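>>> when you get a sec, could you give me coordinates for this:
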Amino acid sequence: MSDNKYIYKRKDGGEIWCYGKAIEDMTQEEKENGYTFNVVCDDDEYDTLLATIDLTEERHNSWDKVCSILENLQMFKGTTIEQITYG
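Here you go, the predicted structure:
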């Protein structure tokens with residue numbers, strides 16, 4: 001696992017720990033190659049791999065933006081996201 005870590009503060013006061021290369025530091029080519037996000041939740045029935053986030057879009061170009069979007073997705077309303085690994 002990468003030593004690169006970003007900590008996102010959830011709306012409930014908890015944290016989402018994000019691992020992998022900082023999205024902000026990626027080259028355009030790395031963003032276009034599209035890696036998978038591994039999302040780990042407090043209820044493992046919601047754990048999933050997401051490959052549909054386009055990091056070349058302005059609304060997805062930082063850990064903060066990605067975490068905010070994922071935290072608000074309907075598919076995670078029954079759980080709490082604890083960790084996201086990218087790469």
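
>>> quick check: longest helix of the chain.
Longest helix in the chain, counting residues (DSSP state H): helix 63-71.

>>> in that helix, what's buried?
63, 65-67, 70-71 (16 or more other Cβ atoms under 10 Å). All C-beta spots, glycine's among them, are computed from the backbone N, C-alpha and C.

>>> looks to me like E82 is in a helix.
No: applying DSSP: H, G, I helix; E, B strand; the rest coil, one finds E82 to be strand, outside a helix.

>>> tally of neighbours for it?
A total of 16 residues lie near E82 under the criterion other Cβ atoms under 10 Å.

>>> was I right to think it contacts W17?
Yes: if you go by Cβ atoms under 8 Å, E82 and W17 touch, sitting 7.0 Å apart.

>>> do a quick rundown of the helices in this protein.
So, for the chain - with DSSP H - the helices run 28-33, 63-71.

>>> list the buried residues of the shortest one.
Taking 16+ other Cβ under 10 Å as the neighbour-count basis, helix 28-33 is seen to contain the buried residues K31.

>>> and it, what's its mean pLDDT?
Looking at helix 28-33 alone, the average pLDDT works out to 77.

>>> repeat that for stretch 44-56.
Mean predicted confidence for stretch 44-56 is 83.
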